[in-house]
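Trainee: sequence plus predicted model, see below.
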Amino acid sequence: MDAVTRPDRKELADGLTVGDGLQEMLAGALGALRGRSGATSRPTADSVHRFRVGLRRLRSVLSAFADAFPEAERRALSDRLRAVAQRYGRSREWDVFLQYCVAPLRRSLPEDATLRQLDRLARQARRQAMPPGDTLKSSFAEIEAAIARAPWLHRPPPDRRDCWERPLRDFAVELLAARHRRLRKRVKTVDLADPVAFHQLRIRVKKMRYTSELVKSLFDESVAKKYLRRLVELQDLMGRMNDARVAGELLRSLEPPPAASALVAGWLAHEIAVGGEQFPACARAFRRADPFWEK
């Protein structure tokens, strides 16, 4: 659930070129990620979440400014960053399972011994899911080294010089307009029961959010705030639905007591059903949001 992490505040000055803006955004994203890597050898649920979100925001710069980079090198670096995030993917799923599924049920039924057993099994699975011999600090060092070996991030390739010299605001307007147009169409037609379509829409929503947050200071932020609120609501709703679906897979992998399994399965089915009922209104609200880059 990305919305629990506040985006880092980054003001972009008027008159920046794409190249200048890129350097500020990359430095800001990398600095934030460094702060989230910490030094602990046993990352907490919150530190893992924040680290993964920080990685996603760094990758969002590569994605949003794809036209400014050589394609093969950009894809290779993005894949490298995604691979680092995926090392902590399963442990993050267990953290969500424990926090948003098991914990509420245990608060409602504190005397239920089967839920206590489920909690114990899930915590053990979370520990086993952490990458052995790896820490957030060592993972960040790997990321930093990969970026240092990418000079194309810091100076324009000859065939991309024109892009680097464009006004950043003009580039952002075109990018946001294109992504918004595609996203408005997808939220209207998506089949939520289709796992592939659901996953692709979630990716588009995240990309739109992160890109908007990267460049919103170039525009009227009061208008951007309203637009982002609708976007975050949509992301949160889809995130809860996805968390419930993933939790069902995790539950089956544990083989918990039947009573606990039945309780959790009912809870998850309820979450998915409620999400499906709320989605049309949430999608309509987003589609009606004013594009802040047009103001």
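Mentor: Arrived safely, thanks for sending.
Trainee: how many other residues sit next to residue 181?
Mentor: By the measure other CB atoms under 10 Å, the count of residues near residue 181 is 11. Placement of C-beta: from N, CA and C, glycine included.
Trainee: ok, now residue 137?
Mentor: Neighbour count of residue 137, defined by other CB under 10 Å: 15.
Trainee: number the chain from 12, please
Mentor: Done: numbering now begins at 12, and the last item shifts to residue 148.
Trainee: show me what the strand or helix carrying it packs onto, helices and strands only.
Mentor: Assigned by DSSP states H and E, residue 148 belongs to helix 147-159. Applying 3 or more CB pairs under 8 Å, 6 or more residues apart in numbering; DSSP states H and E, we find helix 147-159 packed against helix 29-48, helix 56-75, helix 82-98.
Trainee: how does it look with 7 Å?
Mentor: When contacts are defined as 3 or more CB pairs under 7 Å, 6 or more residues apart in numbering; DSSP states H and E, helix 147-159 packs onto helix 29-48, helix 82-98.
Trainee: kindly reformat those helices as CSV containing mean neighbour count, distance to residue 244 and mean pLDDT.
Mentor: Shown next, in CSV, are the helices and strands packed on helix 147-159 (neighbours: other CB atoms under 10 Å; distance: least, CB to CB, whole Å; pLDDT from 0 to 100):
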stretch, mean neighbour count, distance to residue 244, mean pLDDT
helix 29-48, 19, 24, 91
helix 82-98, 15, 24, 95
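Trainee: circling back: for the helix holding residue 148, give me every contacting residue.
Mentor: The contact list for helix 147-159, computed with CB atoms under 7 Å, 6 or more residues apart in numbering, reads 41, 44-45, 48-50, 54, 58, 62, 88, 91-92, 95, 164.
Trainee: can I get it in CSV? Just the C-alpha atoms.
Mentor: Output in CSV follows, covering the C-alpha atoms of helix 147-159 (Å, rounded to 0.1, in the frame of the first residue of the first chain):
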residue,chain,number,x,y,z
LEU,A,147,18.8,-2.9,2.8
LYS,A,148,22.2,-1.2,3.2
SER,A,149,24.0,-3.7,1.0
SER,A,150,21.2,-3.5,-1.5
PHE,A,151,21.5,0.2,-1.7
ALA,A,152,25.2,-0.1,-2.2
GLU,A,153,24.5,-2.3,-5.2
ILE,A,154,22.1,0.2,-6.6
GLU,A,155,24.5,3.1,-6.1
ALA,A,156,27.2,1.1,-7.9
ALA,A,157,24.9,0.3,-10.9
ILE,A,158,24.0,4.0,-11.3
ALA,A,159,27.6,5.0,-11.1
